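In: Sequence first, then the predicted structure, then my questions.
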Amino acid sequence: MKQLGICAVLLWALTSVAHATVDWDEGFEYASNAAMDAVWQTSCPGQDDILFPSTDRFHSGSRSAKLIFRGHQGVTPGYKSCFKDRNLNAPTTGTLYTRFWIYMENFTVDSTTTKLTLHPAYNSDAYTSMWWVMMWGSPNFSVGVQKSWSPPVLNDLTENIYGQTIPQNQWVCLETRLTYATPGQQNGIVQNWINGVQGINRTNVWMDQTGQQSVFRAVRMYTQDGVGTIYYDDYAVSRDARIGCNPGSPGGGGSPPPPPPPPPPADTSPPNAPSNLFVTELWDDLKALAATLWAWLEPVTASAETAASDAVMITWPDPNEAAIQYRFRLSHFASNGWIDLGLKPSALGSFSYSLPGLPQTAGDRYVCIDAQGVRNGISGKWFSEVNGSPACNQLAMGPIVIAPPPAPEPIPVPALPASPATVSMRGDSVTIQCDPSRFTRAKTIGTGTKRVITCLK
């Protein structure tokens, strides 16, 4: 009996250690956005079209948090961003585990960074904070470790640690574990899992410098940079163990959800360039703006005076499929060839580019824009290479030489008809004789010097 009792105690102890102590498990079952903002501190109070509870999709219950992304900050017209914070229930901690489910609906990751969730440090985020993000146009579950100092060798305030790909158009379980390093030492822990499968497993990350000691105090959801919709549901936090993807699973050790079906083969056909591409002068402090679309044969009607700092807006009104990005290049009257402007999501629609310090020449000043489609690392033809397209879209940015109109054609002068008669004089005598080849007789009216002679056939 004693042996049986000891076994029972050991079994209970092992099982209890495997379970996480969950601070809270957020299901976003709020009746309104205002009710959610009473729990989550927000940067966008009263705005119900950025980050809000929704019944459109849900992993459990009847609602989830819906985040709508509208392009790139400072570039896309109508852009909006928002974040919402929820504090930990327990005292601040140096280790943080999270589990949240997301659904990315045909989402286009920003060409730089799309933020997912922030695990900030205390003291107004002045110490080391962890940004879980997707980077460089790819839906990779990565983390940016943002510090207030630059460790040796690393020589950067932020270290990006890249993770695995997050599947789209399905609910996906994401888990994270972060443990702050000993101040001044390279022993911080960063781990993540997708649907129970580990991706990142780093135990040698620089975090705080000597004299600092960061602790976690909250989590933050972010809507910033990207195009599309992401849903969050069942967001849980713990300080001592993995929470797991299934309800009640110890330490994440329960059966993970079945793997998603394999994606269809990647499209290897060269993608198209945008079918319309426009470039316009961004500033409005010009005396008169010349016609901008040389590419489409619109006539130049006026000359323009250059602004102190030239800038242009590049737009394309026909976004391509979500998987396609556009690579842009630019040349101008003072450049030596093309300037690479990098990749942009096809759904972005527009971006601006500044050209400070261009020479103020007296001759023609212009900018040319070109673009090509890129899908799965495969590039298509440049816009300028497509049959029927111009060599480039040209925007005049300075004095333009306008050719004078052609001289009018001379107006022909009709020839006078031949005279019907000949007139001869001898002294005071005048003789008038009708042309015998054209007329057969003459009729005379009057006498002396007041006579009218009519030639008749």
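Out: That came in fine, so what should we check first? Values in this document were obtained by computation on a predicted structure and should not be read as measured data.

In: C-alpha only now, for contacts and for neighbours.
Out: Will do.

In: all strands of the stretch 1-150 of the chain, in order?
Out: 22-26, 41-42, 51-54, 64-71, 82-87, 95-108, 113-119, 129-135, 142-146 (DSSP state E, counting those that start in this stretch).

In: helices or strands next to the longest one in the packing?
Out: In this case it means strand 95-108. For strand 95-108, the packing partners by 3 or more C-alpha pairs under 8 Å, 6 or more residues apart in numbering; DSSP states H and E come out as strand 171-179, strand 226-238.

In: Need the CA coordinates for that strand. CSV is fine.
Out: In CSV, the C-alpha atoms belonging to strand 95-108 read as follows (Å, rounded to 0.1, in the frame of the first residue of the first chain):
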residue,chain,number,x,y,z
THR,A,95,9.1,35.0,-18.4
LEU,A,96,6.0,35.2,-20.6
TYR,A,97,4.2,32.5,-22.5
THR,A,98,1.3,33.3,-24.9
ARG,A,99,-1.1,31.4,-27.1
PHE,A,100,-3.4,33.0,-29.6
TRP,A,101,-5.2,31.8,-32.7
ILE,A,102,-5.2,33.9,-35.9
TYR,A,103,-6.9,33.8,-39.2
MET,A,104,-5.2,35.7,-42.1
GLU,A,105,-7.8,36.3,-44.8
ASN,A,106,-5.9,36.7,-48.2
PHE,A,107,-3.5,39.0,-46.3
THR,A,108,-0.6,40.9,-48.0
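
In: now the angle from it to strand 171-179?
Out: 140 degrees (axes from the mean of the first three to the mean of the last three C-alpha atoms, to 10 degrees).

In: what about strand 95-108, average pLDDT?
Out: Mean per-residue pLDDT for strand 95-108: 95.

In: Return the angle between stretch directions for it and strand 64-71.
Out: Using the same axes, to 10 degrees: strand 95-108 against strand 64-71 is 60 degrees.

In: related to what we said a few turns ago, export the helices and strands packed on strand 95-108 as CSV, with columns for mean neighbour count and distance to Arg220.
Out: Shown next, in CSV, are the helices and strands packed on strand 95-108 (neighbours: other C-alpha atoms under 10 Å; distance: least, C-alpha to C-alpha, whole Å):
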stretch, mean neighbour count, distance to Arg220
strand 171-179, 22, 14
strand 226-238, 23, 11
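
In: Quick check: which of those strands is nearest to Ala38?
Out: strand 226-238 (16.9 Å; C-alpha to C-alpha).

In: coming back round to it: how about the strands of the stretch 1-150 of the chain, which one is nearest Ser354?
Out: Using C-alpha to C-alpha, the nearest of the strands of the stretch 1-150 of the chain to Ser354 is strand 64-71, at 19.1 Å.

In: quick one: average pLDDT of stretch 205-223?
Out: 87.

In: Can you lay out the helices and strands packed on strand 95-108 as TSV showing distance to Asp340 and mean pLDDT?
Out: As requested, the helices and strands packed on strand 95-108 are exported to TSV (distance: least, C-alpha to C-alpha, whole Å; pLDDT from 0 to 100):
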stretch	distance to Asp340	mean pLDDT
strand 171-179	36	95
strand 226-238	21	95
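
In: Figure out which of those strands is closest to Gly188.
Out: strand 171-179 (5.8 Å).

In: If you count contacts, what does the closest one end up packed against?
Out: strand 95-108, strand 188-194.

In: now these as a markdown table including mean neighbour count?
Out: Converted to a markdown table, those look like this (neighbours: other C-alpha atoms under 10 Å):
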| stretch | mean neighbour count |
| --- | --- |
| strand 95-108 | 22 |
| strand 188-194 | 21 |
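
In: Adding distance to Val145, write those out as JSON lines.
Out: Converted to JSON lines, the helices and strands packed on strand 171-179 look like this (distance: least, C-alpha to C-alpha, whole Å):
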{"stretch": "strand 95-108", "distance to Val145": "14"}
{"stretch": "strand 188-194", "distance to Val145": "9"}
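
In: which one of the ones you listed lies closest to Tyr30?
Out: Closest approach to Tyr30 among the helices and strands packed on strand 171-179 (C-alpha to C-alpha): strand 95-108, 17.1 Å.

In: Partner strands of the closest one and their direction?
Out: Within its sheet, strand 95-108 is paired with strand 171-179 (antiparallel), strand 226-238 (antiparallel), according to DSSP bridges.

In: Out of those strands, which gets nearest to Thr203?
Out: Going by C-alpha to C-alpha, the one of the strands paired with strand 95-108 nearest Thr203 is strand 171-179, 9.0 Å.

In: quick one: contacts of that closest one?
Out: 59, 94-104, 166, 188-196, 242, 244-245 (C-alpha atoms under 8 Å, 6 or more residues apart in numbering).

In: who's in contact with the nearest residue to Leu174 once chain neighbours are set aside?
Out: Nearest residue to Leu174, sequence neighbours excluded (C-alpha to C-alpha, 6 or more residues apart in numbering): Ile194, at 4.9 Å. By C-alpha under 8 Å, 6+ apart, Ile194 lies in contact with 164, 166, 172-175.
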